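K.L.:
sharing a sequence plus its predicted fold:
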Amino acid sequence: MAVAIDLVTDENAAPSISRLSHDETTDDLAEYMMWARQYYRVLFNQAPNYERAIQAGKDARHIWFALRDWRGADPERYFGDLGAWAESRMKQLGVD
């Protein structure tokens, strides 16, 4: 049996699947998700920094788009809000 799916993660490093055909049944999808969960559980156990890198990428994109979209108005408030977001995110991640 050949399976043409991709085991991927979302931006939070949660297992997911992609590149599905229209012929997949709900049982197939459940099996593929089980594969993704098992694969990433082992991968992140062996390489925990890989999971953090995926999660950090989400944060980097957030900062990048926030800076890209800033139009120069009220820098004190804008960067204050961005700094508050960063502090909140650091607490969520357990970073001191």
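P.N.:
That came through, no problem.
K.L.:
how is this structure partitioned into domains?
P.N.:
By the assignment in automatic domain parsing, the chain contains the domains 6-46, 50-93.
K.L.:
dump these to JSON lines, plus mean pLDDT and mean neighbour count.
P.N.:
Quick note: C-beta positions are derived from backbone N, CA and C, even for glycine. Putting those into JSON lines (pLDDT from 0 to 100; neighbours: other Cβ atoms under 10 Å) gives the following:
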{"stretch": "domain 6-46", "mean pLDDT": "91", "mean neighbour count": "13"}
{"stretch": "domain 50-93", "mean pLDDT": "90", "mean neighbour count": "12"}
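K.L.:
and the strands in this protein?
P.N.:
6-9, 15-18 (DSSP state E).
K.L.:
pairing partners for the last one, with directions?
P.N.:
Taking DSSP bridges as the criterion, strand 15-18 forms sheet pairs with strand 6-9 (antiparallel).
K.L.:
where along this structure do the helices fall?
P.N.:
Counting by DSSP state H, the segments of the chain that form helices are 26-46, 48-69, 75-93.
K.L.:
for F44, give me its contacts.
P.N.:
For F44, the contacting residues are A13, Y50, E51, taking Cβ atoms under 8 Å, 6 or more residues apart in numbering as the criterion.
K.L.:
try 10 Å
P.N.:
F44 makes contacts with T9, A13, P15, Y50, E51, R52, I54, as judged by Cβ atoms under 10 Å, 6 or more residues apart in numbering.
K.L.:
now for the residues you listed, which pair is the farthest apart?
P.N.:
Taking every pair in these and measuring Cβ to Cβ, the maximum separation is 15.7 Å, between P15 and R52.
K.L.:
show me the contacts for I5.
P.N.:
Under the criterion of Cβ under 10 Å, 6+ apart, the contact list for I5 reads I17, S18, R19, L20, S21, E24, D28, L29, Y32, W35, A36.
K.L.:
which one of those is nearest to F79?
P.N.:
Minimum separation from F79 among the contacts of I5 (Cβ to Cβ) is found for S18, which lies at 35.9 Å.
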